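here you go, sequence then predicted model.
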Number of protein chains: 2
Amino acid sequence: MKKHKQNGRQGRPRSFDLDQALTAALHVFWRKGYEGATLSDLTRAMRINRPSMYAAFGDKEHLFRKVLDRYDQEATAFMTEAMDEPTARRVVERLLSGAAKKLASPQGPRGCLNVQGALVCGDEAKNVRNELIARREKRETELRERLRKAKTAGDLPRESDPSELASFFITVIQGMAVQAAGGATREKLRRVARTAMRSWPGNR
Amino acid sequence: MKKHKQNGRQGRPRSFDLDQALTAALHVFWRKGYEGATLSDLTRAMRINRPSMYAAFGDKEHLFRKVLDRYDQEATAFMTEAMDEPTARRVVERLLSGAAKKLASPQGPRGCLNVQGALVCGDEAKNVRNELIARREKRETELRERLRKAKTAGDLPRESDPSELASFFITVIQGMAVQAAGGATREKLRRVARTAMRSWPGNR
DNA sequence: TAAATTCTGTACCGATCAGTAAAGATGTAT
DNA sequence: ATACATCTTTACTGATCGGTACAGAATTTA
């Protein structure tokens, strides 16, 4: 009924939009986590039936991974943008304020998929949990590298420790994610972010 | 085979120790979360069979709540102790160092049950999730009240905000819990804690 | 048009979920 | 000893889990 994916093949065209379906699945996983989201939840939200889902995305784990990719590209584009700020301080400020905004956004579920997707889980979801751990660590590494560059450029005091700073601010953001999952408002998160900035080197 | 619970009634005595069983259940919920822990996981760890569990603790949710009570009393006794420190600063320092120690303890699972027990979940576990939210908020309230008292006593600068400080440090601890769930070492958590203390009022 | 291909819908699969019925086992009370 | 109360064991329940077989519908290619 809609456009076909132009995959250059014959056969009956897909009657739903891949991207829309993925977005619907994202919201379900985001609210309920990997384990808490059932296939019935997912296909209902995606407005397709089970075999269509399996044909298009593979099994539940494959679907989740594609959802993760989409999440990383969409809901956290601000991370990359933050890295482009001219000074280290502004990088972190932007990261924190962006997190406050995103984690308690009126559109989209609360919290962070990379945190609440599968913080812990049963045995069969171990791979998913480890994938999320890896993605969280990747964020921390990104920030650490950015701060190292800043230090080399003289943009951070000599006695400062980029690794320590990255750990700290990523940890704060993850704490904010827990707060958001519990219903914290944007304003509350913003205040936490502001307080965290008092730890910035040179404030002593 | 062991001592009976001295409940003053006749009948066949319980052949397992209630407290031991509860501890075993605690560790399972702690590692796998409420949803991720199956009854088979639980009864295997508790070394009892299903009807014995139901008779002694009620259903899965009741068991979880009793586990929560036990967790609050045992694994977080340090919270109450911290509150008894003489100065606000030492209260928070002790809270942070205690968290670093507990969250990545070699005995006992990593992370915080109140965070990872059910940060998000499917529909049928909503009550459990809300209970955990309430327990997390209770912690924040405790700290806030302690800091308010400190401010009244002149133990905190006049321009400081106990509510803001409590939010911030609880958020940091929750972030540390996420880090711990992902495998962070004690040393890493300790460094985060130390950095967080740079936000302490009067450091500007 | 007919053949080939791919998607959709229904209806199902075995496994596992949380929870329980019923009978035998083991203690206390008399 | 006998009666009674409670616990343990085995085996089971209906519901739901993730995943799929199969037939019919819809499209492209020839």
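That came in fine, so what should we check first? These numbers were taken from a predicted model, which means no experiment stands behind them.

find the nearest non-adjacent residue to A:Leu22, please.
A:Arg70 (5.5 Å; Cβ to Cβ, 6 or more residues apart in numbering or on different chains). Where you see a C-beta, it was placed from the backbone N, CA and C, and this is true even at glycine.

could you measure from that neighbour over to A:Leu26?
6 Å (Cβ to Cβ, to the nearest Å).

can you identify the element that follows the longest helix along chain A toward the C-terminus?
Secondary structure of chain A per DSSP state H: the longest helix is helix A:126-152. Per DSSP states H and E, the first helix or strand lying C-terminal to helix A:126-152 is helix A:162-181.

could you export that next one as PDB, CA atoms only?
The C-alpha coordinates for helix A:162-181 follow below in PDB (Å, rounded to 0.1, in the frame of the first residue of the first chain):
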ATOM      1  CA  PRO A 162      40.600  13.300  31.600                       C
ATOM      2  CA  SER A 163      39.900   9.700  32.500                       C
ATOM      3  CA  GLU A 164      38.600  10.600  35.900                       C
ATOM      4  CA  LEU A 165      36.500  13.400  34.500                       C
ATOM      5  CA  ALA A 166      35.000  11.200  31.800                       C
ATOM      6  CA  SER A 167      34.100   8.500  34.400                       C
ATOM      7  CA  PHE A 168      32.600  11.000  36.700                       C
ATOM      8  CA  PHE A 169      30.400  12.800  34.200                       C
ATOM      9  CA  ILE A 170      29.300   9.700  32.400                       C
ATOM     10  CA  THR A 171      28.400   8.300  35.800                       C
ATOM     11  CA  VAL A 172      26.400  11.400  36.600                       C
ATOM     12  CA  ILE A 173      24.500  11.000  33.400                       C
ATOM     13  CA  GLN A 174      23.800   7.400  34.100                       C
ATOM     14  CA  GLY A 175      22.500   8.400  37.500                       C
ATOM     15  CA  MET A 176      20.300  11.000  35.800                       C
ATOM     16  CA  ALA A 177      19.000   8.200  33.700                       C
ATOM     17  CA  VAL A 178      18.000   6.300  36.800                       C
ATOM     18  CA  GLN A 179      16.300   9.400  38.100                       C
ATOM     19  CA  ALA A 180      14.500   9.900  34.900                       C
ATOM     20  CA  ALA A 181      13.300   6.300  34.800                       C
END
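
buried residues in the longest helix of chain A?
For helix A:126-152, the neighbour count (16 or more other Cβ atoms under 10 Å in any protein chain shown) marks A:128-129, A:131-133, A:135-136, A:139-140, A:142-144, A:146-148, A:150-151 as buried.

how about stretch A:88-100 and chain B, touching?
No - in terms of Cβ under 8 Å from any Cβ of the partner chain, no part of stretch A:88-100 sits within range of chain B; the closest distance is 11.1 Å.

coming back round to it: A:Arg70 and A:Leu26 - which one has more neighbours?
A:Leu26 (23 against 16; other Cβ atoms under 10 Å in any protein chain shown).

for the more buried one, give me its contacts.
Applying Cβ atoms under 8 Å, 6 or more residues apart in numbering or on different chains to A:Leu26 gives the contacts A:67, A:70-71, A:113.

is the longest helix of chain A in proximity to DNA strand C?
No - shown here: helix A:126-152 not in contact with DNA strand C (Cβ under 7 Å from any atom of the strand), separated by at least 13.8 Å.

just checking that helix against chain B, any contact.
Yes - looking at helix A:126-152 against chain B by Cβ under 8 Å from any Cβ, the contacts come from A:133, A:136-137.

kindly reformat the residues you listed as a markdown table containing pLDDT.
Listed next are the residues of helix A:126-152 next to chain B as a markdown table, based on pLDDT from 0 to 100:
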| residue | pLDDT |
| --- | --- |
| A:Ile133 | 98 |
| A:Arg136 | 97 |
| A:Glu137 | 97 |
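
can you name the residue of chain A nearest DNA strand C?
A:Gly11 (1.9 Å; Cβ to the nearest atom of the strand).

picking that back up, the inter-axis angle of the longest helix of chain A versus helix B:162-181?
120 degrees (axes from the mean of the first three to the mean of the last three Cα atoms, to 10 degrees).

what comes up buried for the lowest-mean-pLDDT helix or strand in chain A?
Here the helix or strand of chain A ranked lowest by mean pLDDT, DSSP states H and E is helix A:77-83, holding a mean of 88. For helix A:77-83, the neighbour count (16+ other Cβ under 10 Å) marks A:79, A:82 as buried.
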